[in-house]
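Participant: Make a model of this:
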Amino acid sequence: MQKSLIRGKFHFFAITALLLLTSFNSLAYTQSRVLKGPDGKPVKIEGSVVMIEPDIELSEVLAGGVQEPRQAWSETARRLYPQAIKAKINNGRVKQLPDFIIPKDLDSGSRLGQVIRLNYAVSVSILISTAPGGQLATKKSKQLDWSFGPGVEEIRKQTGADYALFTYVRDSYTSGGQAALRVIGLLLLGGDIGGGQQVGVTTLVDLRTGQVVWFNFLAKQTGDLRDEQGAAATAQSMLKGFPL
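Facilitator: You can find the predicted model right below:
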């Protein structure tokens, strides 16, 4: 219970920091980066890819501005999003293996459990340091140096894949009460008090080395993962710069 509370607070502060760093004047921001090979050219995927069960949570923004998780929405998104991703990269050049579903009774202290938790830490690190104004000084001179370490070999053993595609998404939608407050804010205050937003990070990890070879960071105030059309649009945005 205590771990869930701490994790929930960290989610809140991470997203809050992101919104402070990111300008939403254009309503959307994306940042994609791919590892470059010895020849200075972006690497291309050679081998098979397994999608790890996505870490997706959808919430409703209530009238007071509080985000309340919606389990039914999240479950729908976790089903539709992987389907949309596979449809987007199904071009015959990439061998897609069956999705890797994280065991519900997975011991967080096991090697696999540590890798799954590490994905959360790496995603938040990319999210914070990639947003405008949030670049880390140590990252400025390096093209792409995030790594999961040798622990990812456990996923390779269980799936036989060469690469793993990890996904972290937090998506929120404005309730009727919050929408009314936004209108009032525009009319009386001359500004938007804010509402829902979609924030996500997707990473492609080489399971032979642990190296993150590509990532894309997305932040916008539009998008909907609760239906097939919205999931397809989000998948398109999340795969920007995917190294096919």
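
Participant: from memory residue 165 sits against residue 203, does it?
Facilitator: Yes. With contact defined as Cβ atoms under 8 Å, residue 165 counts as touching residue 203 (7.5 Å). For every residue, glycine as well, the C-beta is placed using N, CA and C.

Participant: more crowded one of the two?
Facilitator: Between residue 165 and residue 203, counted using other Cβ atoms under 10 Å, the more crowded position is residue 165 (25 against 22).

Participant: got any ranges where the chain has weak pLDDT?
Facilitator: Flagging of the chain using pLDDT under 70 yields the residue ranges 1-29, 63-65, 91-92, 130-144, 175-196.

Participant: biggest strand in it by residues?
Facilitator: Counting by DSSP state E, the longest strand found in the chain is strand 163-174.

Participant: Who does it pair with, and is each partner parallel or antiparallel?
Facilitator: Neighbouring strands of strand 163-174 in its sheet, by DSSP bridges, are strand 48-52 (parallel), strand 55-61 (parallel), strand 198-206 (antiparallel).

Participant: Now render the ones you listed as a markdown table, adding distance to residue 156.
Facilitator: What follows is those, written out as a markdown table (distance: least, Cβ to Cβ, whole Å):
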| stretch | distance to residue 156 |
| --- | --- |
| strand 48-52 | 9 |
| strand 55-61 | 20 |
| strand 198-206 | 10 |
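
Participant: for this protein, what spans make up the strands?
Facilitator: 28-34, 48-52, 55-61, 67-69, 95-100, 163-174, 198-206, 212-220.

Participant: partners of the nearest residue to residue 119 once chain neighbours are set aside in the sheet?
Facilitator: Nearest residue to residue 119, sequence neighbours excluded (Cβ to Cβ, 6 or more residues apart in numbering): residue 166, at 4.7 Å. Beta-bridge partners for residue 166, by DSSP bridges, are residue 203.

Participant: Also residue 219?
Facilitator: Residue 219 has these beta-bridge partners by DSSP bridges: residue 29, residue 199.

Participant: What distance do you get for it to residue 108?
Facilitator: As for residue 219, its distance to residue 108 is 28 Å (criterion: Cβ to Cβ, to the nearest Å).

Participant: higher neighbour count, the two?
Facilitator: residue 219 (25 against 10).

Participant: Roughly how far does the more buried one sit from residue 86?
Facilitator: Taking Cβ to Cβ, one finds residue 219 at 24 Å from residue 86.

Participant: again with residue 162
Facilitator: 16 Å.

Participant: same deal with residue 52?
Facilitator: Between residue 52 and residue 86 the distance is 13 Å, computed by Cβ to Cβ.

Participant: Which one's more surrounded, these two?
Facilitator: In this view residue 52 and residue 86 are compared by other Cβ under 10 Å, and residue 52 has more residues nearby, 22 against 16.

Participant: so that one makes contact with residue 119?
Facilitator: Yes. In terms of Cβ under 8 Å, residue 52 counts as a neighbour of residue 119; the distance is 7.4 Å.

Participant: Need the overlap of contacts for the two.
Facilitator: Taking Cβ atoms under 8 Å, 6 or more residues apart in numbering as the contact rule, residue 52 and residue 119 both touch residue 166.

Participant: hang on, the earlier thing: now do the contacts for the residue nearest to residue 119.
Facilitator: Contact partners of residue 166, counting by Cβ under 8 Å, 6+ apart, are 52, 54-55, 119, 122-123, 202-205.

Participant: For burial, what's the neighbour tally of residue 90?
Facilitator: Around residue 90 there are 10 residues (other Cβ under 10 Å).

Participant: ok, the nearest residue to it once chain neighbours are set aside to residue 107 distance?
Facilitator: Leaving aside its sequence neighbours, residue 90 sits nearest to residue 96 (Cβ to Cβ, 6+ apart; 6.8 Å). Distance, residue 96 to residue 107, by Cβ to Cβ: 28 Å.

Participant: Thanks again, I'm all set now.
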